[in-house]
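Chemist: here is a sequence together with a model predicted from it:
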Amino acid sequence: MESTAIAAKIAEIEAEMAKTQKNKATEGHLGLLKAKLAKLRRELIDATTKKSGPAGDGFDVTKAGDARVGLIGFPSVGKSTLLSTLTETESEAADYEFTTLTAIPGTLVYNGARIQILDLPGIIEGAKDGKGRGRQVIGTARTCDVILIVLDAAKPLPMKKKIEHELEGFGIRLNKRPPNIVVTKKDKGGVGYTATCDQTFINTDVVKSVCRELKVNNVDIVAREDCTVDQLIDAIEGNRAYIPAVYALNKIDQITIEELDLMDELPSWVPICASHRWNLDELLELIWKKLDMTRCYTKPHGKAPDYEDPVILKHGKRTIEDFCDHIHKAMASELKYALVWGASAKHQPQRVGKEHILADEDIVQIVKRS
Ligand SMILES: Nc1nc2c(ncn2[C@@H]2O[C@H](COP(=O)(O)OP(=O)(O)OP(=O)(O)O)[C@@H](O)[C@H]2O)c(=O)[nH]1
Ligand SMILES: [K+]
Ligand SMILES: [Mg+2]
């Protein structure tokens with residue numbers, strides 16, 4: 001199917017879902033519609049990727065530094081103003097929509113880490129289905145370690161919902177973890193389903209019809225937590241990007257204190273004013289927390305630790321071996337043991353091997369085999 005035909009079909013199903021009341025009797029039908037949607041969206045993503053090659057997935061900007069943060073939002077919410085404020089890069093800002101037409105990278109050094117910030121064109125409703133440069137923007141969002149959703153503080157909620165809908169439709173899951181469902185595809189034997197705990201939303205019938213709709217005919221599925229149909233579909237599809245998100249509510253200079261007080265309550269939200277540099281410290285702190293990176297300081301034998309230039313380790317890659325790999329390729333194979341001072345050490349220093357997991361701000365001395 002052509003992209004536009006797929007997009008039309010998607011809109012049709014979304015309309016039917018909106019019309020369908022949510023209750024026990026319609027659960028199966030809704031599950032089926034969700035599976036249909038997932039399949040169409042997969043086709044749509046494939047159509048984009050195949051037509052324009054690998055770069056067509058997003059903008060052609062090389063990843064640089066220790067992490068990438070992308071600015072996503074409707075036009076004119078202040079993304080470019082924010083990029084220019086946070087980094088040395090100047091990205092044109094103006095009071096008309098679609099000022100920014102491509103991805104503009106800037107760099108920020110925070111806690112010794114080099115963070116690439118990507119200013120992106122504004123997205124609009126229907127972006128995931130090919131409107132404007134939306135699909136390219138969302139494709140780029142998939143490559144980010146944190147997505148910074150920029151909203152206008154004057155009307156944040158409807159915008160937030162719409163943007164989340166666009167990102168979700170492209171397989172991005174914000175501030176969520178992958179569901180605990182084990183999916184094992186196989187060559188024959190049909191659909192097998194078991195659950196290790198009580199299930200509120202799914203059962204054998206639901207699993208079978210969802211699999212049929214997704215054209216996954218031979219598979220074993222084990223649900224290891226109480227999961228929704230959406231989570232089931234995500235687990236079967238398997239190409240979801242689980243990315244932490246921060247919501248920046250920009251232009252708080254234009255709202256009242258009372259309105260501001262209400263917003264402070266929401267998790268992952270930071271009210272800011274990019275043009276006056278208000279509250280950017282809190283924003284960066286939250287981004288840093290969501291990036292979940294570990295700083296480790298090297299300590300050459302007989303010298304003080306180097307606090308200026310930490311080794312930055314990413315989430316899930318924080319062993320001594322990862323630390324060695326960061327310094328140079330052969331280091332891990334030359335390692336005899338390491339001495340570690342800090343939160344991960346049982347005593348100061350602790351002598352550890354390759355598998356030891358480091359904590360933020362640990363100090364590491366590598367001892368090589370002679
Ligand atoms: N009052 C106020 N205006 C702001 C703030 N931040 C940005 N603006 C203004 O909002 C307008 C849009 O800003 P941009 O930075 O171009 O917004 P954008 O999101 O990059 O827009 P597009 O690239 O067109 O999607 C400009 O006139 C900015 O000066 C803010 O914190 N407060
Ligand atoms: K603008
Ligand atoms: Mg812009």
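Modeler: In hand now; what should we look at? Ligands and ions are numbered 1, 2, ... in the order given.
Chemist: just give me the neighbour total for Thr298.
Modeler: Neighbour count for Thr298, taken as other CB atoms under 10 Å: 18. C-beta: built from backbone N, CA, C; applies to glycine.
Chemist: next one: Phe323
Modeler: 26.
Chemist: per-residue confidence at the residue of the stretch 101-250 of the chain found nearest ligand 1?
Modeler: Nearest to ligand 1 in the stretch 101-250 of the chain, going by CB to the nearest ligand atom, is Gly122, at a distance of 2.9 Å. pLDDT for Gly122: 94.
Chemist: now for it: which residues touch it?
Modeler: 73-77, 79, 97-98, 100 (CB atoms under 8 Å, 6 or more residues apart in numbering).
Chemist: now do the SS call for it.
Modeler: When classified by DSSP: H, G, I helix; E, B strand; the rest coil, Gly122 comes out as coil.
Chemist: same thing with Leu286?
Modeler: Leu286 is classified as helix under three-state DSSP.
Chemist: run a quick neighbour tally on it.
Modeler: Leu286: 20 surrounding residues under other CB under 10 Å.
Chemist: show me what contacts it?
Modeler: Taking CB under 8 Å, 6+ apart as the criterion, Leu286 is in contact with 246, 268, 270.
Chemist: among those, which lie within strands?
Modeler: For the contacts of Leu286, the ones inside strands are 246, 270, with DSSP state E as the criterion.
Chemist: against Arg173, how distant is Val229?
Modeler: 15 Å (CB to CB, to the nearest Å).
Chemist: after the lengthiest helix in the chain, which helix or strand is next?
Modeler: In the chain, taking DSSP state H as the definition, the longest helix is helix 27-52. The element immediately downstream of helix 27-52 (helix or strand, assigned by DSSP states H and E) is strand 67-72.
Chemist: the helix or strand that that next one is followed by to strand 67-72, inter-axis angle?
Modeler: The helix or strand immediately downstream of strand 67-72 is helix 79-86, counting by DSSP H and E. Comparing the axes of helix 79-86 and strand 67-72 via axes from the mean of the first three to the mean of the last three CA atoms, to 10 degrees yields an angle of 140 degrees.
Chemist: so what pairs up with the residue most central in space within the chain in the strands?
Modeler: The chain has Ile243 as the residue nearest its centroid, 1.7 Å off, counting by CA atoms, centre = their mean. Beta-bridge pairing for Ile243 (DSSP bridges): Leu174.
Chemist: can you check the pLDDT for it?
Modeler: Taking Ile243 on its own, its pLDDT is 97.
Chemist: ditto for Lys50
Modeler: pLDDT recorded at Lys50 is 54.
Chemist: what do you get for Glu92?
Modeler: For Glu92, the model assigns a pLDDT of 96.
Chemist: what's the closest residue to it other than its chain neighbours in contact with, if anything?
Modeler: Ranked by CB to CB, 6 or more residues apart in numbering and with sequence neighbours excluded, the top spatial neighbour of Glu92 is Thr99, at 5.7 Å. Contact analysis of Thr99 by CB under 8 Å, 6+ apart lists 75-76, 80, 92-93.
Chemist: follow-up on the earlier one: show the contacting residues for the residue nearest to the centre of the chain.
Modeler: When contacts are counted by CB under 8 Å, 6+ apart, Ile243 touches 141-142, 144-147, 172-174.
Chemist: off-centre distance for stretch 259-277?
Modeler: Distance of stretch 259-277 from the chain centroid (CA atoms, centre = their mean, to the nearest Å) equals 21 Å.
Chemist: go on, stretch 251-267?
Modeler: Distance of stretch 251-267 from the chain centroid (CA atoms, centre = their mean) equals 25 Å.
Chemist: same deal with stretch 19-27?
Modeler: The gap between where stretch 19-27 is centred and where its chain is centred comes out at 30 Å by CA atoms, centre = their mean.
Chemist: okay, buried residues for it please.
Modeler: Buried residues in stretch 19-27, counted by 16 or more other CB atoms under 10 Å: Glu27.
Chemist: keeping just the C-alphas, turn the helix or strand in which Lys161 is found into CSV.
Modeler: Secondary structure from DSSP H and E places Lys161 in helix 156-169. In CSV, the C-alpha atoms belonging to helix 156-169 read as follows (Å, rounded to 0.1, in the frame of the first residue of the first chain):
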residue,chain,number,x,y,z
PRO,A,156,0.4,22.5,27.8
LEU,A,157,-2.1,19.7,28.3
PRO,A,158,-3.7,19.3,24.8
MET,A,159,-0.3,19.8,23.2
LYS,A,160,1.2,17.2,25.5
LYS,A,161,-1.4,14.6,24.5
LYS,A,162,-1.1,15.2,20.8
ILE,A,163,2.7,15.0,20.8
GLU,A,164,2.6,11.8,22.9
HIS,A,165,0.1,10.3,20.4
GLU,A,166,2.4,11.2,17.5
LEU,A,167,5.5,9.6,19.2
GLU,A,168,3.6,6.6,20.4
GLY,A,169,2.3,6.0,16.8
